[in-house]
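> model this:
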Amino acid sequence: MNESVVAEQPFPALSFLLRHAKAFPVAAAAIVLALLLWLALRTGWIELAVLAPIVAVAAHFLVRVALDVASLVAETLMPR
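Model prediction:
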């Protein structure tokens with residue numbers, strides 16, 4: 001790998017997370033919702049279908065909190 005590319009971006013994972021910070025919570029909520037609805041249909045547990053939107057909203061906010069923490073870490077580690 002070219003050393004100049006590595007030197008320009010010391011924390012590529014943090015940069016990727018911050019670049020796509022608006023899409024991650026929405027994607028996480030959609031995946032959790034789809035997974036729980038699918039599971040409700042496969043098992044016949046109607047309770048899962050009722051809880052799916054609530055758990056999806058919770059996943060959305062948890063991912064947002066994790067991204068906020070990552071942005072705080074990035075502000076302290078990455079020079080501007």
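> how close does residue 11 get to residue 51?
Applying Cβ to Cβ, to the nearest Å, one obtains 36 Å for the distance of residue 11 from residue 51. C-beta here means a position set from N, CA and C on the backbone, and glycine is covered the same way.
> shaky segments in this structure?
1-7, 80 (pLDDT under 70).
> the helices in it, which residues?
Under the criterion DSSP state H, the chain contains helices at 3-8, 12-19, 23-43, 46-77.
> just put those in a markdown table and tack on mean neighbour count.
Below are these laid out as a markdown table (neighbours: other Cβ atoms under 10 Å):
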| stretch | mean neighbour count |
| --- | --- |
| helix 3-8 | 8 |
| helix 12-19 | 13 |
| helix 23-43 | 15 |
| helix 46-77 | 14 |
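> need the nearest residue in space to the residue nearest the centre of the chain, chain neighbours excluded.
Closest to where the C-alpha atoms of the chain average out (Cα atoms, centre = their mean) is residue 24, at 3.8 Å. Spatial nearest neighbour of residue 24, excluding adjacent residues (Cβ to Cβ, 6 or more residues apart in numbering): residue 63 at 5.5 Å.
> what of residue 71?
Closest to residue 71 by Cβ to Cβ, 6+ apart is residue 18, at 5.9 Å.
> the one you found: what's it in contact with?
Residue 18 makes contacts with 67, 70, 71, 74, as judged by Cβ atoms under 8 Å, 6 or more residues apart in numbering.
> go on, residue 40?
By Cβ under 8 Å, 6+ apart, the neighbours of residue 40 are 46, 47, 48, 49, 52.
> residue 26 now?
Residue 26 neighbours (Cβ under 8 Å, 6+ apart): residue 60.
> circling back to that earlier point, please convert the contacts of residue 40 to JSON lines, extending it with distance to residue 34.
JSON lines is the format used below for those (distance: Cβ to Cβ, whole Å):
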{"residue": "46", "distance to residue 34": "17"}
{"residue": "47", "distance to residue 34": "17"}
{"residue": "48", "distance to residue 34": "12"}
{"residue": "49", "distance to residue 34": "12"}
{"residue": "52", "distance to residue 34": "9"}
